[in-house]
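In: build me a structure from this.
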Amino acid sequence: MESIRLNRTELDVTKICLGTADFGLKRDEKESFAILDRFMEMGGNFLDTANVYCKWVPGKGNCSERMIGKWLRDRHAYDRMIVASKGGHYSFLRKGVSRVTEKDVRKDLEESLTSLGLDHLDFYWLHRDNEGLSPEEITFFMEKLVREGKIRFWGISNISTSRAIAFGSHLSGVSNQWSYALESPMMAKKKDQTLVWTDRELQDYMAKASLTLLPYTSGAQGCFAAMEKGKECHGLWDHEGNRALYPLLHAWGEKLGVSAYVIGQAWLLHQNFQVIPVMAVSRPSQLEDFARITELELPEECLKELTEARVQARIALWA
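Out: Sure thing, here's the model as predicted:
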């Protein structure tokens, strides 16, 4: 897999970041290790995890980080992987109280480092923003962690456009929800309201500021892959907007010799700002799509048609 320089950093990472939220939860050690082994064999080097992954299940703890830490030790892979983790997620017992404070972030970070077997993280995310603190206050304690050698670069997940702009050059990345698939009004209403979708204003700002988006749920939980099998999209992704987009994805897939899913994911990599999607798989064979996605050059006509169709589908969906 081809690597690129992550904007505003000194990190050379693969064009897709492997999501590991299911490791230790839906994927046992054998399954998780098999995915990680194949990803490394393919030249992948960028992993996404979080201190909170699995903690919503009593007794599980931060099982994704612990699974990755065991794999890094067993495979002696510390020098081959760039691990990005997250801290500052709210407590499930006190959902309305932000944990993006220096004390809580330090606590999460130390647990992450111990579980991963690392002395620092190359990239660290605040899992949420805390609008009760100014960007200057948050930047102050995050830069302290940089100076202490605990982290190298940092960004914020689920941040509003206005706040991202206010942080300015201090951010090395943003990780919000985004996909070629569309969020519907029903999804927006029912989801965790601390999750933030990538809007047009943020996209324009990222292009202007050379800021990178690492979108999560970039594959919409396999929505278009499911459609190719004649199945419905998962949960709230199953709506008329995404059903309207599928025929065009399928048609271009037929022309270019790939799946509709690959077309939709490749569209993310053809924006006028840097996008490194976070993508998860349930088995190693699905990683082969990563190579197809990163190597595929979409014709200008394809990009134009896909983008216009998405705009029109969204207008109809939200009318």
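In: distance of the nearest residue to G117 once chain neighbours are set aside relative to K55?
Out: Take G117 and drop its neighbours on the chain: the residue closest to it by Cβ to Cβ, 6 or more residues apart in numbering is G69, 4.6 Å away. For every residue, glycine as well, the C-beta is placed using N, CA and C. Between G69 and K55 the computed distance is 16 Å (Cβ to Cβ, to the nearest Å).
In: when the two are compared, which one has more neighbours?
Out: Per other Cβ atoms under 10 Å, whichever of G69 and K55 has more neighbours is G69, with 21 against 17.
In: share the number of residues neighbouring A316, please.
Out: Residues near A316, counting by other Cβ under 10 Å: 12.
In: how about the secondary structure of it?
Out: Judged by DSSP: H, G, I helix; E, B strand; the rest coil, the three-state class of A316 is helix.
In: thought R243 was touching it, still the case?
Out: No. Counting by Cβ atoms under 8 Å, A316 does not reach R243; the two are 11.3 Å apart.
In: so where is the stretch 201-319 of the chain shaky, pLDDT-wise?
Out: Judged against pLDDT under 70, the stretch 201-319 of the chain has no low-scoring part.
In: and the strands in it, which stretches?
Out: Ranges of strands within the stretch 201-319 of the chain are 278-279, based on DSSP state E, counting those that start in this stretch.
In: so which bits of the strand or helix carrying T114 are buried?
Out: For T114, the enclosing helix or strand under DSSP states H and E is helix 102-116. Residues 102, 104-106, 108-109, 111-113, 115-116 are the ones in helix 102-116 that count as buried (16 or more other Cβ atoms under 10 Å).
In: against which helices or strands is that helix packed?
Out: When contacts are defined as 3 or more Cβ pairs under 8 Å, 6 or more residues apart in numbering; DSSP states H and E, helix 102-116 packs onto helix 63-75, strand 82-87, strand 121-126, helix 135-147.
In: want to try CSV for these, with distance to A21 as columns?
Out: Converted to CSV, these look like this (distance: least, Cβ to Cβ, whole Å):
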stretch, distance to A21
helix 63-75, 6
strand 82-87, 10
strand 121-126, 13
helix 135-147, 23
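In: would you list the ones you listed in JSON lines and tack on mean pLDDT and distance to L182?
Out: Shown next, in JSON lines, are those (pLDDT from 0 to 100; distance: least, Cβ to Cβ, whole Å):
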{"stretch": "helix 63-75", "mean pLDDT": "98", "distance to L182": "28"}
{"stretch": "strand 82-87", "mean pLDDT": "98", "distance to L182": "25"}
{"stretch": "strand 121-126", "mean pLDDT": "98", "distance to L182": "25"}
{"stretch": "helix 135-147", "mean pLDDT": "98", "distance to L182": "30"}
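In: these: which one's closest to F153?
Out: strand 121-126 (5.2 Å; Cβ to Cβ).
In: mind saving the C-alpha coords of the closest one as PDB?
Out: The C-alpha coordinates for strand 121-126 follow below in PDB (Å, rounded to 0.1, in the frame of the first residue of the first chain):
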ATOM      1  CA  LEU A 121       1.900   7.900  20.600                       C
ATOM      2  CA  ASP A 122       2.800   9.300  17.200                       C
ATOM      3  CA  PHE A 123      -0.800  10.700  16.900                       C
ATOM      4  CA  TYR A 124      -3.300  11.300  19.700                       C
ATOM      5  CA  TRP A 125      -7.000  12.300  19.300                       C
ATOM      6  CA  LEU A 126      -9.300  14.000  21.700                       C
END
